[in-house]
Structure formats: C-alpha cells, structure tokens
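*Asks:* What follows is a predicted structure for the sequence shown.
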Amino acid sequence: MSDKLHTSDVRVINDEYERVLSNPDNLIVSEELQELIDLPIESADASSTEEAPVDTAILTVLERSTALPVTVRGELIELSYTKDTYTFIVQVGKVRQAFIQSLEAASQESETFPLIIGGIYEAEVQALITGWSFKNVSPHTYQLTVNFRSEDGIF
C-alpha cells in the first residue's frame with residue numbers, strides 16, 4: 001500500500017455544493033428568509049453568461065406594525081424636485097404588500113417618517129408622503145412612484 005493520497009479527478013455532484021460554489025458573497029439562506037429580508041440572491045440555475053441586474057435604486061420604509069425595514073429594489077427611472085415635492089420613480093420586478101401598506105399608512109398621516117434612499121444616490125430623510133402610485137408597465141415589470149416632501153435636502 002502506498003502512503004500517498006491520490007487526489008486527482010475527484011468530483012462532487014450535489015446541488016447544494018454547486019449552489020455554494022456559485023455564490024460569490026458566500027451567503028446561504030432559505031428562500032423564505034431571503035424573501036423576509038429582501039435580499040436578492042441569484043439561484044444556482046441562473047446562467048453565468050447573463051449579467052445580473054444592477055439595483056440602481058433602493059427605497060426603504062419602516063413597516064408600521066413591526067418597525068422593521070421594508071425595501072423595494074430596482075432601476076432608477078427618476079429622482080426629481082419640483083415646488084417643494086420630490087418624485088422618486090423606480091422600475092421593479094415586485095413590491096411586497098408590507099411596503100405598499102407602510103406607504104399607504106404613511107401617506108394618511110400628517111407627520112414625517114424615515115425614508116431611506118440607496119443605490120446611486122444615498123440619503124436618509126424625514127419625509128412626508130404626499131402621494132404614491134404603483135402600475136404595471138409590462139409583464140413582470142412595475143413602476144413605483146413616490147411623491148414626498150422633506151426639509152432634509154437630498155442633493
């Protein structure tokens with residue numbers, strides 16, 4: 001018998017092992033936890049030749065009942081300011097119901113609440129929601145518009 005270990009041509013075939021190897025951030029979470037924390041992680045089935053979508057806009061509000069952050073991620077369409085009102089438009093693949101409920105509750109109140117903008121622009125402001133809309137622009141693509149006032153300057 002030889003004392004040397006023969007290590008050539010060993011191959012492990014296991015879906016979970018392949019998922020770990022394909023995960024550059026070394027994050028392993030269940031799909032349920034991923035949905036809860038709004039953390040976009042590509043599945044192992046995604047083609048490595050396709051470019052991953054880049055979130056150019058992230059909008060975070062606090063859920064009213066739990067005070068946990070609820071986030072929308074997508075492509076920045078517009079961030080503008082006209083007559084004391086900011087308009088933030090983002091194109092997204094999905095919006096959680098908790099986000100819409102928090103937005104609706106905030107728009108009904110006459111007091112400000114924390115609004116966190118991330119992505120290309122980074123800002124945390126105390127905002128007064130003056131209006132919002134959510135519309136389907138194509139299959140599986142939505143456009144979320146949030147209008148708000150804030151004494152904190154964004155730029």
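*Replies:* Thanks, I have it. Model, not experiment: these values are computed from the prediction.
*Asks:* and the longest helix for this structure?
*Replies:* helix 97-108 (DSSP state H).
*Asks:* Can you list the low-confidence ranges for this structure?
*Replies:* Within the chain, the segments meeting pLDDT under 70 span 1-55, 153-155.
*Asks:* how does it divide up, domain by domain?
*Replies:* The record's domain parsing of the chain by automatic domain parsing lists 13-48, 57-149.
*Asks:* List the contacts of T85.
*Replies:* T85 sits next to T130, N147, F148, R149 when contact means C-beta atoms under 8 Å, 6 or more residues apart in numbering. Yep, even glycine has a C-beta here, placed from its N, CA and C like the rest.
*Asks:* Pull the lengthiest strand in the chain out as CSV, backbone CA atoms only.
*Replies:* For the chain, the strand that runs over the most residues, judged by DSSP state E, is strand 123-138. Taking C-alpha atoms only, strand 123-138 is exported to CSV below (Å, rounded to 0.1, in the frame of the first residue of the first chain):
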residue,chain,number,x,y,z
ALA,A,123,-29.9,59.7,1.6
GLU,A,124,-31.9,59.2,4.7
VAL,A,125,-34.6,61.8,5.1
GLN,A,126,-37.6,62.6,7.3
ALA,A,127,-40.3,62.5,4.7
LEU,A,128,-44.0,63.5,4.4
ILE,A,129,-45.6,61.2,1.8
THR,A,130,-47.9,63.3,-0.4
GLY,A,131,-48.8,60.6,-2.9
TRP,A,132,-47.7,57.3,-4.5
SER,A,133,-48.7,55.1,-7.4
PHE,A,134,-47.9,51.5,-8.5
LYS,A,135,-48.5,50.5,-12.1
ASN,A,136,-47.8,47.6,-14.4
VAL,A,137,-45.7,48.8,-17.4
SER,A,138,-45.0,45.3,-18.9
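*Asks:* for that strand, packing partners?
*Replies:* Secondary-structure packing of strand 123-138 (3 or more C-beta pairs under 8 Å, 6 or more residues apart in numbering; DSSP states H and E): strand 85-92, helix 97-108, strand 113-119, strand 141-149.
*Asks:* The same query, at a cut-off of 10 Å, please.
*Replies:* Other elements packing on strand 123-138 under the criterion 3 or more C-beta pairs under 10 Å, 6 or more residues apart in numbering; DSSP states H and E are strand 57-62, strand 69-82, strand 85-92, helix 97-108, strand 113-119, strand 141-149.
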